[in-house]
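Colleague: Got a predicted structure plus its sequence, pasted below:
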Amino acid sequence: MASSFAAPSIGGDGTVYLTADIPGKGPEATAFAVEPATGIARWTFAVPGAQSLGSSSPPIGADGTLYLRERDRGIVYAVRQTIRE
């Protein structure tokens, strides 16, 4: 079962952004962008080698970029949404 200690963030277009630590071979920190009307994930981003994204809600830039801080190493990731058709 995944665990999350951060409140979700809401983008300007209504997208809900969540972070969770997912157990498996070792915890894997993952960010999710969720369509609010359906609850279906638009995309996920597993942070390479990260065990946790901490307990703060991920900030969203004016251009929709999601910023993730990997807790243990302090690395910051800028995740931009792209649409593939």
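Modeller: Here it is on my side, so go on. Residues are numbered from 1 along each chain as shown.
Colleague: In space, what's closest to the residue nearest the centre of the chain - neighbours in sequence excluded?
Modeller: In the chain, the centroid-proximal residue (C-alpha atoms, centre = their mean) is residue 31; its distance is 2.1 Å. Take residue 31 and drop its neighbours on the chain: the residue closest to it by C-beta to C-beta, 6 or more residues apart in numbering is residue 45, 4.6 Å away. Where you see a C-beta, it was placed from the backbone N, CA and C, and this is true even at glycine.
Colleague: and the one you found, what does it touch?
Modeller: Taking C-beta atoms under 8 Å, 6 or more residues apart in numbering, we find residue 45 in contact with 30, 31, 68, 77, 79.
Colleague: Now, those that are in strands?
Modeller: Among the contacts of residue 45, DSSP state E puts 30, 31, 68, 77, 79 in strands.
Colleague: Take the helix or strand of the chain with the lowest mean pLDDT, keep the C-alpha atoms, and write them as PDB.
Modeller: Of all helical and strand segments in the chain, the minimum by mean pLDDT, DSSP states H and E falls on strand 16-22, at a mean of 86. Only the C-alpha atoms of strand 16-22 are listed here, as PDB (Å, rounded to 0.1, in the frame of the first residue of the first chain):
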ATOM      1  CA  VAL A  16      -4.800  17.300  -8.900                       C
ATOM      2  CA  TYR A  17      -1.100  16.500  -8.100                       C
ATOM      3  CA  LEU A  18      -0.300  13.900  -5.500                       C
ATOM      4  CA  THR A  19       2.900  12.400  -4.200                       C
ATOM      5  CA  ALA A  20       3.300   8.900  -2.600                       C
ATOM      6  CA  ASP A  21       5.900   6.500  -1.400                       C
ATOM      7  CA  ILE A  22       5.100   3.200  -3.000                       C
END
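Colleague: Check which helices and strands it is in contact with.
Modeller: strand 9-10, strand 28-34 (3 or more C-beta pairs under 8 Å, 6 or more residues apart in numbering; DSSP states H and E).
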